[in-house]
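**Q** everything below, folded, please.
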Amino acid sequence: MDVLARVDRYQRRHRWAGMPLAVVYKFFDDQATYLAALLTYYGFVSLFPLLLFLVAILSGALHGNAQLQHSVLHSALGEFPVIGDQLGQNIHSFHGSGVAVTVGVIGSVYGALGVAQAVQHALNKIFAVPRHARPDPLRSRARGLVFLLLLAAGLGMTTALSAAESAADVFGESLAVGVRVALGVAGLAVNAALLLLSYRLMTRRPLPFRSMYGPVLGAACAWQVLQWGGSYYVGHVLRGATATYGMFGIVLGLLAWVYLAALVYLATAEIIAVRCLRLWPRSLLTPFTDRVHLATGDLRAYRSYATAESFKGFEKISVRFGKPPPPAVGHKGPP
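**A** Numbering: from 1, shown residues only. Just a heads-up that it's a prediction; the model follows:
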């Protein structure tokens, strides 16, 4: 146990070791895996109808130019590699009356608002926003609608960049590589900006930009890796599969892809929260036993968890910590 005590003292004094530990502990304190499952459920329910709506809009807007229509649709659906490929192969099957399209749009937007509500709930929990300070049902849905418009604008920008990248060969082989690299960097910048704006929009707590730049850039890179992974899954796992296996593969692959994206989104929020709320350092053994002296990060974290549950502005919650139990006989815990 002397080894654990030395490790604990070391990680408390060194940010490079203590900060990742604090992020991991807060991730599990917030039960972020369950929050990711909630985002996955609403994302899975709303993603398919929203993509159908996207395909219908793009197909109608570009109906007169088949080549441009194919290029733009391929670029837009490439942002969702698991299900986008299937939609791209069946564009010709989407037909419907004006009433059906209107009903479908309303239903899709309402379903997508569930994703926005789940995102707000998760972020407000992660950033320890008291319940009385969170937006009421009407304001939260209005904020969610702005969130969906932000995502739509971001998808339009990344679609334009993808379409331009696919047409980079017109510049010649010598310039095509440089153009693709520049457009790839621009795509990462757009995704990072979307993440940054979404965190600030969907959280009822001021978030300083200086604490967000690094994490959102890392999340944008992780999103790009997820897209490559989804494309590999479609191209190598689902290719040549039977109809039955292919259907199950699409459903399970889409669920896994959305869940991983939700984990990346929430893990990035946890990093930002630890930095903004100064929840470092944490005690090494605090998740495992009460026989531990809490670090300053532990005290701030546990106070924030309690005060976040206040339902009224005039409800006062105070948190007091007593002395920890003495260590067991023969046990030398961390100081």
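**Q** tell me where the longest helix sits in the protein.
**A** helix 243-276 (DSSP state H).
**Q** list the buried residues of the helix or strand that that one is followed by.
**A** Using DSSP states H and E, the helix or strand that follows helix 243-276 in sequence is helix 296-307. Neighbour counts using 16 or more other CB atoms under 10 Å place 297-298, 300-304, 307 of helix 296-307 among the buried residues. (C-beta placed from N, C-alpha, C; glycine too.)
**Q** and the residues you listed, which is closest to Val190?
**A** Each of the buried residues of helix 296-307 was scored against Val190 by CB to CB, and Ser304 proved nearest at 32.4 Å.
**Q** could you find the closest non-adjacent residue to the closest one?
**A** Leaving out its chain neighbours, the residue that sits closest to Ser304 by CB to CB, 6 or more residues apart in numbering is Ala128, at 3.7 Å.
**Q** what is the neighbour count of that neighbour?
**A** Residues within reach of Ala128, counting by other CB atoms under 10 Å, total 21.
**Q** returning to that earlier point: save the buried residues of helix 296-307 as a markdown table, and put in distance to Thr159 too.
**A** Conversion of the buried residues of helix 296-307 to a markdown table gives the following (distance: CB to CB, whole Å):
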| residue | distance to Thr159 |
| --- | --- |
| Gly297 | 42 |
| Asp298 | 45 |
| Arg300 | 42 |
| Ala301 | 41 |
| Tyr302 | 45 |
| Arg303 | 45 |
| Ser304 | 39 |
| Thr307 | 43 |
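**Q** in the stretch 151-300 of the chain, where is pLDDT below threshold?
**A** Along the stretch 151-300 of the chain, segments meeting pLDDT under 70 span 162-177, 231-247, 249.
**Q** thought Trp257 was touching Leu226?
**A** Yes - between Trp257 and Leu226 there is a contact at 6.7 Å, judged by CB atoms under 8 Å.
**Q** who has more neighbours out of those two?
**A** Trp257 (23 against 18).
**Q** how near is the more buried one to Asn124?
**A** Distance check for Trp257 against Asn124: by CB to CB, to the nearest Å, it reads 25 Å.
**Q** repeat for Val251
**A** On the measure of CB to CB, Val251 and Asn124 end up 30 Å apart.
**Q** more neighbours: those two, which one.
**A** The neighbour comparison of Val251 against Asn124 (other CB under 10 Å) goes to Asn124, with 21 against 13.
**Q** count of neighbours near the residue nearest to that one when sequence neighbours are not counted?
**A** Of all residues not flanking Asn124 in the chain, Arg134 sits nearest, at 5.2 Å (CB to CB, 6+ apart). Residues contacting Arg134 under the criterion other CB under 10 Å number 17.
**Q** name all residues that make contact with Arg134.
**A** 120, 124, 140, 204 (CB atoms under 8 Å, 6 or more residues apart in numbering).
**Q** out of those residues, who's nearest Val109?
**A** Of the contacts of Arg134, the one sitting nearest to Val109 (CB to CB) turns out to be Ser140, at 14.9 Å.
**Q** which elements pack onto the helix or strand where the closest one lies?
**A** Counting by DSSP H and E, the element that carries Ser140 is helix 137-166. Here helix 137-166 touches helix 66-77, helix 98-126, helix 173-202, going by 3 or more CB pairs under 8 Å, 6 or more residues apart in numbering; DSSP states H and E.
**Q** mean confidence (pLDDT) on the second one, please.
**A** Mean per-residue pLDDT for helix 98-126: 79.
**Q** same thing with the shortest one?
**A** Summarised as a single mean, pLDDT over helix 66-77 is 54.
**Q** what average pLDDT does stretch 28-37 get?
**A** 96.
**Q** need phi/psi at the residue nearest to Asn124.
**A** In terms of degrees, to the nearest 10, the main-chain angles of Arg134 are phi -80, psi 150.
**Q** 4 is where my numbering starts, stick with that
**A** With 4 as the first residue, the last one maps to Arg137.
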